[in-house]
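Asks: pasted the sequence and its predicted model underneath.
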Amino acid sequence: MKAIWNNQIIAESEKTIQVEGNHYFPEETIKKEFFKASDTHTTCPWKGVASYYNIEVDGKVNKDAAWYYPNTKDAAREIKNHVAFWKGVEVKP
C-alpha cells in the first residue's frame with residue numbers, strides 16, 4: 001500500500017493493518033521528513049488517545065492529516081506504532 005499526498009509518496013508498506021476502513025502503516029514505513037508533530041489529540045473509546053502529524057510536502061501543509069496511538073488500549077494493541085491517514089491523503093495499492 002502507498003499513501004500519497006500532493007503527488008508525493010509519504011508512506012509505503014507491503015503490510016498494513018486495516019481497522020474501520022483505514023490502513024494503518026507501520027511507523028518505520030512512513031517518510032519522516034514529511035511529518036511534523038501536531039499538538040492535536042483526540043480520544044477513541046476503544047483505541048485510546050490519538051496524536052496527530054501535519055504533513056508537509058513542497059511547502060504545502062495538510063494539518064492533522066495523519067494520526068497514531070502512542071499508547072493504545074488493549075483492544076487496539078495491533079495498531080500500536082502504526083500511522084493512518086485522512087484529509088485528502090490517497091491510500092492505494
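Replies: Looks like it arrived, so ask away.

Asks: which SSE is residue 4 in?
Replies: strand 2-5 (DSSP states H and E).

Asks: got the buried residues for the helix or strand following that strand?
Replies: Once strand 2-5 ends, the next helix or strand along the chain (criterion: DSSP H and E) is strand 8-12. Within strand 8-12, the residues scored as buried using 16 or more other C-beta atoms under 10 Å are 10, 11. All C-beta spots, glycine's among them, are computed from the backbone N, C-alpha and C.

Asks: which elements pack onto strand 8-12?
Replies: strand 2-5, strand 48-57 (3 or more C-beta pairs under 8 Å, 6 or more residues apart in numbering; DSSP states H and E).

Asks: looking at that strand now, give me its mean pLDDT.
Replies: Regarding strand 8-12, the rounded mean pLDDT is 98.

Asks: so who does residue 54 touch?
Replies: By C-beta atoms under 8 Å, 6 or more residues apart in numbering, the residues touching residue 54 are 35, 36, 37, 38, 61, 62, 63, 64, 65.

Asks: scratch that, residue 83
Replies: Per C-beta under 8 Å, 6+ apart, neighbours of residue 83: 11, 24, 25, 27, 30, 53, 66, 67, 68.

Asks: which one is it nearest to, not counting chain neighbours?
Replies: residue 68 (4.7 Å; C-beta to C-beta, 6 or more residues apart in numbering).

Asks: so where is this protein shaky, pLDDT-wise?
Replies: Within the chain, no range satisfies pLDDT under 70.

Asks: about what we covered before: of all the helices and strands packed on strand 8-12, which gets the most neighbours per residue?
Replies: Of the helices and strands packed on strand 8-12, the one with the most neighbours on average (mean count of other C-beta atoms under 10 Å) is strand 2-5, at a mean of 20.
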